[in-house]
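A.B. asks: A predicted structure for the sequence below; I have some questions about it.
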Amino acid sequence: MVAIVIDFISRSIQFFYELSASMGIASYGIAIALFTVAVKVVLFPLTRKQYVGMAKMQQIQPELQKIQKKYKNNPEKQQKEMMALYQKAGVSPFASCLPILIQLPILLALFRALQTFFDPVNHPAYVNLDKANFLWIPSLGSPDPIILPILVAVSTFLQQKITMKAGGVDTGGDNPAATTQKVMLYFMPLFIGYISRTFPSGLALYWVIYSILGIGEQLIIKRPRLVKEEASAK
């Protein structure tokens, strides 16, 4: 099953490469960008659910603040009341983690695919290694130790920041949920940026483009409208 998924991703990248070649700009970097856009489109229904959840989170912020103020000296009671409110509203305080969690299976398969896709010896016969370079990157199959990891960390941070802000997620309080969100906001981008130093450049490029698309998506889509559309559909 894993081999089938890896082969599918490899052939998908090759498809988009051939598409870029037909436009006169043959590049595996562009192919990975187009592949990223395609993944974003396919995953949009799941992303939409996340946006609805974040919009609902924003709506219950006044009630959350009342609970935090009322039980500021009783963290255990505060957390219990907040969780009850989350359950009543049908939202999760950890909805902002979804972009990363949804990505994991795709990232793992893409990592495995790129390990051999640009390999000088073991690459698929259809791969054109002469087009393995992109911008400053000598080979999309080899790690970029500096520039891409920085872009990965920055784009991940910005996406998380915008997601949390749009959802009214509290990162400034002393409750456990706020502490967890704060860790996710600051630690996760640094961690992902650091480990991306060992990723094939194509994978790091995918992550940066996906994050940028996610940022643009969140700035454009109006969450309150999605909540109304969901309510009217029920």
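C.D. replies: That came through fine. Just so we're clear, the structure is a prediction, and the values are computed from it rather than from any experiment. Numbering: from 1, shown residues only.
A.B. asks: Any buried residues in the helix or strand where Ala33 lies, and which?
C.D. replies: Ala33 belongs to helix 28-42 when assigned by DSSP states H and E. If you call a residue buried by 16 or more other CB atoms under 10 Å, then helix 28-42 has these buried ones: Tyr28, Gly29, Ile30, Ala31, Ile32, Ala33, Leu34, Phe35, Thr36, Val39, Lys40. Heads up, the C-betas are built off the backbone N, CA and C, glycines and all.
A.B. asks: what sits up against that helix?
C.D. replies: Contacts of helix 28-42 from elsewhere in the structure, counted by CB atoms under 8 Å, 6 or more residues apart in numbering, are 9, 12-14, 16-17, 19-20, 47, 106, 118, 128, 131-132, 134-135, 137, 140, 202, 205-206, 209-210, 213-214, 217.
A.B. asks: Run the angle between the helix or strand just after that helix and helix 28-42 for me.
C.D. replies: Moving toward the C-terminus from helix 28-42, the next helix or strand (DSSP H and E) is helix 44-59. Interaxial angle of helix 44-59 relative to helix 28-42 (axes from the mean of the first three to the mean of the last three CA atoms, to 10 degrees): 60 degrees.
A.B. asks: Only alpha carbons, please: show helix 44-59 as PDB.
C.D. replies: Only the C-alpha atoms of helix 44-59 are listed here, as PDB (Å, rounded to 0.1, in the frame of the first residue of the first chain):
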ATOM      1  CA  PHE A  44     -10.000  21.900   1.100                       C
ATOM      2  CA  PRO A  45     -13.200  20.100   2.400                       C
ATOM      3  CA  LEU A  46     -11.200  19.200   5.500                       C
ATOM      4  CA  THR A  47      -9.700  22.700   5.700                       C
ATOM      5  CA  ARG A  48     -13.100  24.100   5.400                       C
ATOM      6  CA  LYS A  49     -14.200  22.200   8.500                       C
ATOM      7  CA  GLN A  50     -11.300  23.700  10.300                       C
ATOM      8  CA  TYR A  51     -12.200  27.200   9.300                       C
ATOM      9  CA  VAL A  52     -15.800  26.600  10.500                       C
ATOM     10  CA  GLY A  53     -14.500  25.400  13.900                       C
ATOM     11  CA  MET A  54     -12.200  28.400  14.200                       C
ATOM     12  CA  ALA A  55     -15.100  30.800  13.400                       C
ATOM     13  CA  LYS A  56     -17.100  29.100  16.100                       C
ATOM     14  CA  MET A  57     -14.200  29.500  18.500                       C
ATOM     15  CA  GLN A  58     -14.100  33.200  17.700                       C
ATOM     16  CA  GLN A  59     -17.800  33.500  18.500                       C
END
